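Peer 1: I need the structure of the sequence given here:
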Amino acid sequence: MATLTVQNLVGTTGVIPTYGAAAGGGDVFANDGKTMLHVKNGGGGAIDVTVNSIKACDQGSDHNLVVNVLNASEKVIGPFDPGRFNNASGQVEVTYSGVTTVTVAALKTAS
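Peer 2: Prediction:
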């Protein structure tokens with residue numbers, strides 16, 4: 001798994017995020033509960049983004065979060081509850097059903 005650098009969204013002037021190619025084996029990023037994943041799918045078909053759930057949700061079930069990103073579109077996913085999604089290293093683990101022309105950025109809000 002590749003490690004994404006979390007980019008801070010601070011100030012009122014905005015930020016131009018830097019995107020990287022989604023890794024075939026998945027990605028991880030540090031999470032403090034204020035981090036989101038921006039996924040851009042430039043491909044010809046939809047993909048599923050799977051966020052690994054480490055612990056049970058508030059309904060008592062341990063199920064992964066699966067988000068469909070249509071072709072030629074993008075989605076911002078998160079923020080992620082650290083108690084449910086962080087692994088032992090404090091990171092969120094993400095995999096993709098396809099990575100061709102898929103780019104991602106981990107973005108952290110200031111508040």
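Peer 1: for Thr3, give me its contacts.
Peer 2: In this structure, Thr3 makes contact with 27-29, 91, judged by CB atoms under 8 Å, 6 or more residues apart in numbering. Just so you know, the C-beta spots here come from the backbone N, C-alpha and C atoms, and that holds for glycine as well.
Peer 1: closest one of these to Ser73?
Peer 2: Checking those against Ser73 by CB to CB gives Asp27 as the nearest, at 19.1 Å.
Peer 1: give me the distance between the two termini of stretch 10-27.
Peer 2: Start-to-end span of stretch 10-27 (CA to CA, to the nearest Å) is 24 Å.
Peer 1: how about stretch 92-108?
Peer 2: 13 Å.
Peer 1: flag every buried residue along that stretch.
Peer 2: 92-96, 98-99, 102-108 (16 or more other CB atoms under 10 Å).
Peer 1: same question for it, mean pLDDT?
Peer 2: Stretch 92-108 comes out with an average pLDDT of 97.
Peer 1: so how far is stretch 87-99 off the chain centroid?
Peer 2: Centroid separation for stretch 87-99 versus its chain: 7 Å, with CA atoms, centre = their mean, to the nearest Å.
Peer 1: so what touches that stretch?
Peer 2: 1, 3, 21-32, 35, 37, 39, 43, 45, 47-52, 54, 80, 82, 85-86, 102, 104.
Peer 1: out of the residues you listed, which are buried?
Peer 2: Using 16+ other CB under 10 Å, the buried members of the contacts of stretch 87-99 are 22-23, 26-31, 35, 37, 39, 43, 47, 49-52, 80, 82, 85-86, 102, 104.
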